[in-house]
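Trainee: Show me how the following folds:
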Amino acid sequence: MIPSCFRIYTCILLAGVAVTAGCGSDDNSTGPEKPKRFDYSDTQAVHLTLHVDPTFLPDTILYKTIHEDLRSIRDTFPDMNKVEHFENRPAGRITVQLTAAAAAAYEAGTYHGLDSLNNLYDTAHVIWYSQYRQMKINFALPYHSDSIAKIYNYANGVESALAISIGGDASRIFVDLPYYEFQLRWGDDCISGCSYRHIWRYEITDSSIILVEESGDTLPEGF
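Mentor: Sure thing, here's the model as predicted:
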């Protein structure tokens with residue numbers, strides 16, 4: 001039997017990620033449930049968690065591990081506070097393009113094709129760009145942006161929904177537990193790609209944090 005919420009919009013396989021919030025059988029389904037709130041205040045840990053494990057919402061146990069590891073590395077090696085992870089595809093942010101008819105209805109206050117989704121997934125902020133028939137949606141929770149965009153693609157009146165993509169380059173952090181790689185990136189034209197980088201690679205053990213490798217360009221003055 002196909003879960004009833006599949007026919008609504010939720011129970012679909014998104015790029016290998018199963019989104020099944022509130023799914024049940026036709027005989028016993030009350031509809032999708034709101035995702036549970038959690039303190040995802042460390043946005044760097046959020047994005048690193050989603051890179052390690054690209055689930056619909058960041059796994060809370062993995063998020064806590066990465067959050068604590070980052071804090072421990074930065075407490076032990078304070079210079080790492082200067083290396084913050086830049087994310088090209090920020091979690092919980094998408095753009096939605098409406099059809100011409102839906103856009104006209106939206107501006108007239110009669111479009112309701114996104115009401116159920118916006119309520120279910122807790123939109124925090126919506127900006128409408130009339131000239132493009134497009135809205136930018138920020139959610140209260142850090143959903144995997146490609147996955148939540150695919151859900152919105154199924155809504156009535158939606159022409160397309162995409163994860164927001166930010167161009168350019170900047171410093172990065174990579175996680176391959178128990179290793180953390182901090183890359184300081186800089187240069188005159190980081191919009192096209194930073195020319196220089198310096199890399200620190202750390203290993204987290206049960207009792208210590210070890211700098212296992214340092215390489216790259218000479219650090220910029222003042223670092």
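
Trainee: for the spatially most central residue of the chain, what are its contacts?
Mentor: By Cα atoms, centre = their mean, the mean C-alpha position of the chain lies nearest to A91, the distance being 1.8 Å. A91 makes contacts with 43, 46-47, 50, 58, 142-145, as judged by Cβ atoms under 8 Å, 6 or more residues apart in numbering. (Glycine included, C-beta is placed from N, CA and C.)

Trainee: who's in contact with the lengthiest helix in the chain?
Mentor: When the chain is parsed with DSSP state H, its longest helix is helix 60-76. The contact list for helix 60-76 (Cβ under 8 Å, 6+ apart) reads 38, 40, 42, 44-46, 48-49, 52-53, 80-81, 173, 175, 177, 180, 182, 202, 204, 209.

Trainee: please redo it, this time with the cut-off set to 10 Å
Mentor: With Cβ atoms under 10 Å, 6 or more residues apart in numbering as the test, helix 60-76 has contacts from 36, 38-42, 44-53, 55, 57-59, 80-83, 85, 142, 173, 175, 177-178, 180, 182, 200, 202, 204, 208-211.

Trainee: just the buried members of those?
Mentor: 40, 42, 44-52, 55, 57-58, 80, 83, 85, 142, 173, 175, 180, 182, 200, 202, 204, 209 (16 or more other Cβ atoms under 10 Å).

Trainee: Take the residues you listed and keep only those in helices.
Mentor: 44-52.

Trainee: per-domain residue ranges of the chain.
Mentor: Domains of the chain are assigned by automatic domain parsing as 1-33, 63-88+168-216, 93-163.

Trainee: helices and strands of this structure: which one has the lowest mean pLDDT?
Mentor: helix 4-8 (a mean of 37; mean pLDDT, DSSP states H and E).

Trainee: where exactly do the strands run in the chain?
Mentor: Taking DSSP state E as the criterion, the chain contains strands spanning 12-14, 17-19, 93-98, 123-129, 134-139, 158-163, 172-176, 179-186, 196-204, 209-216.

Trainee: Give me whichever of these is most buried.
Mentor: Scoring the strands of the chain by mean neighbour count under mean count of other Cβ atoms under 10 Å gives strand 93-98 as the most buried, with a mean of 22.

Trainee: What is that one packed up against?
Mentor: Counting contacts by 3 or more Cβ pairs under 10 Å, 6 or more residues apart in numbering; DSSP states H and E, strand 93-98 packs against helix 100-108, strand 123-129, strand 134-139, helix 145-152, strand 158-163.

Trainee: Now render the ones you listed as TSV, adding mean pLDDT.
Mentor: Putting the helices and strands packed on strand 93-98 into TSV (pLDDT from 0 to 100) gives the following:
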stretch	mean pLDDT
helix 100-108	98
strand 123-129	96
strand 134-139	97
helix 145-152	97
strand 158-163	98
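
Trainee: Distance check, the residue nearest to the centre of the chain against P35.
Mentor: Distance, A91 to P35, by Cβ to Cβ, to the nearest Å: 13 Å.
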